[in-house]
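1. Have a look; sequence and predicted model below, questions after that.
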Amino acid sequence: MTILFLDANAATSGPRTEALRRQPDWTVHSVSSVTEARTWLTRASSVDLLITEAIPSASGDTGFNLRDAVLARFPQARVLFTTRYDLTGFESQIAGWPVLQDGPYTEEKLISKAQTALTSPPPPNCVEMPPFLAPGTMVGNYQVLDRLTQETESETYRAIQVTVQRPVAMVLLRPDLLNQPEAIKSFKERERLKASISHPRIAPLYEAGSVNGLIFYTRELPRGRNLEELQAAGEHLTERKIAELLFGVAEAMQYAVERGHHHRPLYARDIYLDAENQASIVNIFRPAGSRPRVATEEVAALLELIHPLATEGKARGLLATLAEAGHDWSTLLDALDDVRDAMRERSIMRRIEAEESAPGGKGSTPWWAWAVAAAALLAVFGLGNLVGIATPTTKASLKQEMVIIPAGSFIYQKKEMRTLPTFWISKHEVSIGQYGDFLAALKEKPNPSFDHPDQPKTKTGHTPPKWADTYAAAKAGATFNGQPMSLNTPVTQVDWWDAYAYAKWRGQRLPTEEEWEKAARGDKGLLFPWGNKQDKTIANLGDDYDANGQGGDKDGYNLWAPIDRKTQDVSSYDIQDMAGNVSEWTASERAGELWPDHPDYPDLRVPVVRGGHFALKSSNDLLTTRFFAESASESTLARGFRTASDTAPGKQK
């Protein structure tokens, strides 16, 4: 029996939790906030009983919303509300579930109420009833497809407006309420209010009608997927997507609230995000209810709704910053306007230049530096990357060459001695030509067994952005941003899942951080692959990088350098481009381990990137700095990878 127990009072939570845990076969998870409960809920395998304060704090999310989240995942769960406040006026939110007044209550009373709640049936209005309209039913000009939601007074169906083949949402007054004048009056009042609202981010009401005694109205079915669907698909939203999502919702809410419209709570099913990252909401507005809504509480509840979708560090940081500010809809809109301004491409040059400083300590280059750089470079690509030479290249793609790294001890990080068995690592970074062979093989014979088991369901392939243009330019030997490209240019814009799949296709794997560092520094722990003396002319690094494409006066290259060139950026094991060119994905720190915890977000595990790249300035820490990615789905124009193996190379693919 699994019980989720929320008591925000630190003085009473501990003893009450222990009292619950003393009951035979009761597994109790105790939390102090709705946010903490929601986080636990994302990984819970079952919940039999939720015991929660109805209103844990004067502001923020409520136990009613937590109840909805629990029942959405575990419909058979039971609920027991506790309260330190008078809940008069909250009858509709309580919805018939039992309430234990905390005056304070005794532990014995808590146990008794919990036992009763576990064995009692749910309230009648919480039991899902069969839909009143079967699929295929015609209601005037609309054909019912399926039921979307069931509420106390209405049901919402997905339907098709037959004459124009338009998908709509049909909201039907429950037929068993047609003999209640007050229910009809309330439904009609909602119709009129919803029809008066016109905003591009609020689903409009199409028409209201009555057919064969049924009373209904139809509204737009928003484009895209709602938050429930995104979460069910395992989707994760970046900081940029969350900023756009929040801005859209805040814009819609502020428009309606400043015009005096009341509304019910926003649920995850009400908020939609389309393919262009534009947000819209269902029309949740209605005549004034028994309890006026507090805007700061509503904003806090919205941020908590989105929290499960924010797994990247920067995305979580944005939500935390907004939550701490205690915004209402108006100030949230202003804050998000500032956030979006800061992300716009007009600051490309300033941001890239700011990120050219040398790495230091443990940390990651902020995602936006490379996201913005990528946008800038891809804009150049789209406007004409085939500038200058377009003569077909005569150079074939370099074949992979694996180099043996003998077993033995070596210096890792700051003079730490470690030992590794024999392994093999690729001499060069994976090239565009080599990666193209992988994609061609997948196209000819798709094989999902190459995918990592934790790869997001929404990732359905391993083709990098703008791949067709990139491959065509490389194959033609054209120039990009003033620099020649070839099939031997290192592949970039691959995320960790892509690198993993490629390595597995080759019958290999990604190197661990230990292996990468030994291959780069040798067993003596050198500062650079070539020795301990810095030389800014050897590796393809950012000391001569220029965002306008005019760099390269020190090492000969402004962007990527071909892997088949002659270079002195070679380690004692004859491994090339470990200091510069492009940074590289690794598997984990040690063999068989999980990704490490992000140093800024301890509850977030992410893969680590190693080595410098063409826009990163030289430093003595190039080979020891651990760059923590924001997520395994992150990709940049300055990141590639190489592969490793536990066995001697066989026939090359």
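-> Happy to help now that I have it. Quick caveat: nothing in here was measured; it's all calculated off a predicted structure.

2. Report the beta-bridge partners for residue 570.
-> Counting by DSSP bridges, residue 570 is bridged to residue 576.

3. for it, what are its contacts?
-> 529, 530, 576 (C-beta atoms under 8 Å, 6 or more residues apart in numbering). All C-beta spots, glycine's among them, are computed from the backbone N, C-alpha and C.

4. Adding distance to residue 340, write these out as JSON lines.
-> Output for these, formatted as JSON lines (distance: C-beta to C-beta, whole Å):
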{"residue": "529", "distance to residue 340": "42"}
{"residue": "530", "distance to residue 340": "45"}
{"residue": "576", "distance to residue 340": "42"}
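
5. Please render the residues you listed as JSON lines that adds pLDDT, neighbour count and distance to residue 190 to the earlier fields.
-> Listed next are the contacts of residue 570 as JSON lines, based on pLDDT from 0 to 100; neighbours: other C-beta atoms under 10 Å; distance: C-beta to C-beta, whole Å:
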{"residue": "529", "pLDDT": "97", "neighbour count": "28", "distance to residue 190": "70"}
{"residue": "530", "pLDDT": "96", "neighbour count": "19", "distance to residue 190": "74"}
{"residue": "576", "pLDDT": "97", "neighbour count": "23", "distance to residue 190": "69"}
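
6. quick one: residue 91 from residue 64, how far?
-> Residue 91 is 11 Å from residue 64, where distance means C-beta to C-beta, to the nearest Å.

7. Settle it for me: which of the two has more neighbours?
-> residue 64 (21 against 10; other C-beta atoms under 10 Å).

8. does that one sit in a helix, a strand or a coil?
-> Three-state call for residue 64 (DSSP: H, G, I helix; E, B strand; the rest coil): helix.

9. and the gap between it and residue 635?
-> Relative to residue 635, and taking C-beta to C-beta, residue 64 is found at 41 Å.

10. One more: residue 32?
-> The value you get for residue 32 to residue 635, if C-beta to C-beta is used, is 38 Å.

11. Break this protein into its domains for me.
-> Split into domains by automatic domain parsing, the chain comes to 2-126, 138-220, 225-343, 351-645.

12. Export those domains to CSV and append columns for distance to residue 132.
-> Formatted as CSV, these follow (distance: least, C-beta to C-beta, whole Å):
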stretch, distance to residue 132
domain 2-126, 15
domain 138-220, 5
domain 225-343, 20
domain 351-645, 33
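
13. Low-confidence stretches in this protein?
-> 58-61, 88-89, 92, 125-129, 289-292, 343-394, 480-482, 602, 651-653 (pLDDT under 70).

14. measure residue 534 to residue 219 for me?
-> 65 Å.

15. Between these two, which is the more surrounded one?
-> Taking neighbours as other C-beta under 10 Å, residue 534 and residue 219 compare with residue 219 leading, 21 against 15.

16. Mind jotting down where the strands sit in the stretch 1-150 of the chain?
-> Taking DSSP state E, counting those that start in this stretch, the strands of the stretch 1-150 of the chain run over residues 2-6, 27-31, 49-53, 78-83, 99-101, 138-139, 142-150.

17. For the second one, which strands pair with it and how are they oriented?
-> Read it as strand 27-31. strand 2-6 (parallel).

18. mind checking how far the partner strand is from the chain centre?
-> In terms of C-alpha atoms, centre = their mean, to the nearest Å, the centre of strand 2-6 is set 27 Å apart from its chain centre.

19. Flag every buried residue along it.
-> 2, 3, 4, 5, 6 (16 or more other C-beta atoms under 10 Å).

20. and it, C-alpha only, in CSV?
-> This file holds the C-alpha atoms of strand 2-6, laid out as CSV (Å, rounded to 0.1, in the frame of the first residue of the first chain):
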residue,chain,number,x,y,z
THR,A,2,1.6,3.2,-1.2
ILE,A,3,0.7,6.5,0.5
LEU,A,4,1.8,10.0,-0.5
PHE,A,5,1.6,12.3,2.5
LEU,A,6,1.8,16.1,2.3
